[in-house]
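> next input, structure requested:
(chains A, B, C and D)
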Protein chains: 2
Amino acid sequence: MLSKKTKYGLKALTYMARKESKNPVLISEIAEEENISKKFLEIILLQLKNSGFLGSKKGKGGGYYLIREPKDISVAALIRILEGPIAMLPCVSLNFYEKCEDCKDEQTCSISILMMEVRDSTLKILENKTLQDLTNTTLPHL
Amino acid sequence: MLSKKTKYGLKALTYMARKESKNPVLISEIAEEENISKKFLEIILLQLKNSGFLGSKKGKGGGYYLIREPKDISVAALIRILEGPIAMLPCVSLNFYEKCEDCKDEQTCSISILMMEVRDSTLKILENKTLQDLTNTTLPHL
DNA sequence: TAAAAGCCTATAGGTTTACTAGACTATTAA
DNA sequence: TTAATAGTCTAGTAAACCTATAGGCTTTTA
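This is a model prediction of the structure:
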């Protein structure tokens, strides 16, 4: 399951991507529109800024803005920043791999082989879906 | 990510399914062979028993045994018992649905639509994979 | 009847989640 | 120049969840 942090992050970015203008968007505006605790959203947007997805402007007329084009930001990348691994087990994670301590042989562990299959099918979707796609209300079926 | 509980549960059941005979298997045997804390495994196997997957026999010569045929137990069913929802968001879970509190309209929420897609592709794999399949060291590619 | 083996209750440290409070700093419009 | 605005940083926290561990109880069978 995704944490609320990740869900809120995706919602906030989608909200920003939907805006026509590139003017900075207020945290408080996003928080209100998307029903997210403002203080919690602060933490999330700050993390996205430190990860290179958002820029910010302080003072009056300030706010957060997208640095990259929505079509160049995959949902998988966002989930990895906000949530961490996408795989169901650390021993099959591509970006957050950890050795399986109890396993005798990871190469022949049928569970990890299965979880690789799940990982690949999930990634196939999430790597190819961008923030641009999320701005549309209805998604085209593959 | 799957919890260790789920991973251990799958490992233990796979171990049992691999046994030729239908004689009860000792918790301590599974714990030792699969490198799982015995006390933790007790809790897990008890839960699987209460869910109707395992039977048990007390006393000398006792242990746990599979009630159903390995080919009739899907991995998805086991994960739902041990872990809970398979979907990435409560609002797209088939078996553990919860309303999205912050969402204005779940029907047109692009994030939930995306997560439905992920859910379906994951379920396609997990529903069709059984304990029988896990007893093989190498899985056939779809 | 004693050993074996599962069953039950309780506990406990650690981590994560989902926030909240409050002060600080930078920016800009008036 | 200053007041208002808006992001930034530090801290803390209650509750839930995870991953066990301890110890005694009950049932069964050799």
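
> I'd say A:N23 and A:Y65 touch.
Yes - A:N23 lies in contact with A:Y65 (C-beta atoms under 8 Å); the separation is 7.2 Å. Yep, even glycine has a C-beta here, placed from its N, CA and C like the rest.

> so what's A:C109 up against?
Contacts for A:C109 (C-beta atoms under 8 Å, 6 or more residues apart in numbering or on different chains) come out as A:C91, A:C100, A:C103.

> I'd like to know how far it sits from A:M115.
9 Å (C-beta to C-beta, to the nearest Å).

> please apply the same query to A:E29.
Taking C-beta to C-beta, one finds A:E29 at 40 Å from A:M115.

> for the contacts of A:C109, which one is nearest DNA strand C?
A:C91 (16.5 Å; C-beta to the nearest atom of the strand).

> isn't the closest one right up against A:C100?
Yes - using C-beta under 8 Å, A:C91 is in contact with A:C100, at 3.9 Å.

> mutual contacts of these two, please.
In contact with both A:C91 and A:C100: A:E106, A:C109, A:S112, using C-beta under 8 Å, 6+ apart.

> got the residue ranges for the helices in chain A?
All helices of chain A, identified by DSSP state H, fall at A:4-18, A:27-34, A:38-50, A:75-82, A:110-128, A:131-134.

> residue contacts, A:K71?
A:T130, A:L131, A:Q132.

> measure it to chain B for me?
14 Å (C-beta to the nearest C-beta, to the nearest Å).

> got any ranges where chain A has weak pLDDT?
A:20, A:138-142 (pLDDT under 70).

> residues from it in reach of DNA strand C?
A:3-5, A:37-40, A:43, A:57-62 (C-beta under 7 Å from any atom of the strand).

> at 10 Å instead, please
For chain A, the residues in contact with DNA strand C (C-beta under 10 Å from any atom of the strand) are A:1-8, A:24, A:31, A:35-44, A:56-62, A:82-84.

> just the buried members of those?
A:1-2, A:4, A:6-8, A:24, A:31, A:36, A:41, A:44, A:82-83 (16 or more other C-beta atoms under 10 Å in any protein chain shown).

> quick one: which two of the residues you listed are the most distant?
By the measure C-beta to C-beta, A:M1 and A:P24 form the most distant pair in these, at 32.0 Å.

> now the residue of chain A most remote from its centre: how far from DNA strand D?
Using C-alpha atoms, centre = their mean, the residue of chain A lying farthest from its centre is A:K104. It sits 33.7 Å away. To DNA strand D, A:K104 is 17 Å away according to C-beta to the nearest atom of the strand, to the nearest Å.

> which residues touch the residue in chain A that DNA strand C sits nearest to?
Residue nearest to DNA strand C within chain A: A:G59 (2.7 Å; C-beta to the nearest atom of the strand). Applying C-beta under 8 Å, 6+ apart to A:G59 gives no contacts.

> next one: the one 5 residues further on
With contacts defined as C-beta under 8 Å, 6+ apart, the neighbours of A:Y64 are A:M16, A:P24, A:V25, A:I27, A:L45, A:K49, A:L54, A:G55, A:S56.

> between those residues, which sits nearest A:P70?
Out of these, the member with the shortest distance to A:P70 (by C-beta to C-beta) is A:M16, at 8.6 Å.

> quick one: that closest one and chain B, what's the gap?
In terms of C-beta to the nearest C-beta, A:M16 sits 14 Å off from chain B.

> test my guess that that residue contacts A:I27.
No - the criterion here is C-beta under 8 Å, and A:M16 misses it with A:I27 at 10.8 Å.

> looking at the two, which is more packed in?
Taking neighbours as other C-beta atoms under 10 Å in any protein chain shown, A:M16 and A:I27 compare with A:M16 leading, 24 against 21.
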